[in-house]
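Participant: Need a 3D model of the following:
(2 chains)
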Amino acid sequence: MQKKIIKLFILLLIVFVIGVFFISLNKHSIYDTRSLIGQKITDIRLDHFSKNKTITGEDLSKNNFTLINFWASWCKPCRDEHSILLKLNREKNLKLLGVNVKDKKNNALKFLNDLGNPYDELARDELGKHSVNFGIYGVPESILINKDLIIIKKFIGPISKNDYEYIKNTVRK
Amino acid sequence: MRTKIIIFFIILNFNIVDAKTFLIDSNKVFKNLRCLICQGQSIADSNSEFAQTIKLIVRDQIKDGKSEKEIYDFLIEKYGEWIVYKPPLNKVNFLLWLLPYLAFVTGGGIIFLLLKKRYNH
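Facilitator: Down below sits the predicted model:
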């Protein structure tokens, strides 16, 4: 009887270990944004880039859709996605809010003068602290939200052509 | 004059204690936070932009009087459970927490049974 119990225990242990390995190896251990989709962004307070005012959630809820784009002039991939942002600026249902992160004001202005300004509103996050409220860990990153400030999708890295299509189709629906 | 010196040292002492407590707490929190853009480094070990920002946030929240749990909860809400090294106990990972105790009790049980068997013989 005891031998049977020990055998059963060993068998269960083996099944358990295999199960743990199976689940762990199939799990994405890198930062995943899927859990953020459907969440409401709260406590939005961003300093305007040039005006002495704060951009709040109330301002963003006036737009049907808002793409919040986190960028910096020193970031090469931000340069790569810029032409797509300029194209997205033409979408009627979409407003673009640029958040200039950890950047020098003059460099940021030069970047926009050289490449064009796709943003309807521009905010500044000098120390990167406000960006944490959006779950940002680098630039470029973008978040598409609706008028209820619910996250529809988060884009890590530069916006690709596929992302552009996705955003275009979503805001035109 | 004497009283002034005593008051000065009392205030100085309070400030040192305060600074020390602040430093210890923030370091403890940094060590339990994972740098999401680094390879196997905690926020405490990393000098990346991300780690520096999170350090600022943690220090601010400590200054605002937030507890360790409140700081972790805020960062988990923004970045997911992956950001903390010590995950909170919940229905998804309860086995991870219970397993060492289960293994301890089961192992003890087996040893007890084997010893009992040997004693009976």
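Participant: And residue 60, what's its pLDDT?
Facilitator: Picked chain A for this. As predicted, residue A:60 sits at a pLDDT of 94.
Participant: Sorry, I should have been clearer: chain B.
Facilitator: Looking at residue B:60, its pLDDT stands at 92.
Participant: Please report how far it lies from residue A:100.
Facilitator: To residue A:100, residue B:60 is 20 Å away according to C-beta to C-beta, to the nearest Å. For glycine as for every other residue, the C-beta is placed from the backbone atoms N, C-alpha and C.
Participant: So which bits of stretch B:28-47 are buried?
Facilitator: For stretch B:28-47, a neighbour-count test (16 or more other C-beta atoms under 10 Å in any protein chain shown) marks B:29-30, B:32-36, B:43-44, B:46 as buried.
Participant: The biggest helix by length in chain A: what's the following helix or strand?
Facilitator: Using DSSP state H, we find that the single longest helix of chain A is helix A:2-26. Later in the chain than helix A:2-26, the nearest helix or strand by DSSP states H and E is strand A:45-48.
Participant: Could I get the buried residue list for that following strand?
Facilitator: Going by neighbour count (16+ other C-beta under 10 Å), the buried part of strand A:45-48 is A:46-47.
Participant: What of stretch B:66-83?
Facilitator: Within stretch B:66-83, the residues scored as buried using 16+ other C-beta under 10 Å are B:71-72, B:74-75, B:78-80, B:82-83.
Participant: Take these and keep only those in helices.
Facilitator: Among the buried residues of stretch B:66-83, the members found in helices (DSSP H) are B:71-72, B:74-75, B:78-79.
Participant: got a list of what the most centrally placed residue in chain B touches?
Facilitator: Geometric centre of chain B, nearest residue: residue B:32, 4.8 Å, by C-alpha atoms, centre = their mean. Residue B:32 is in contact with B:42, B:72, B:84-86, counting by C-beta atoms under 8 Å, 6 or more residues apart in numbering or on different chains.
Participant: Break the chain into its domains for me.
Facilitator: In the absence of a named chain, chain A is used. According to automatic domain parsing, chain A comprises the domains A:1-29, A:31-172.
Participant: Can you look at chain B instead?
Facilitator: Following automatic domain parsing, one finds the domains of chain B at B:2-88, B:89-121.
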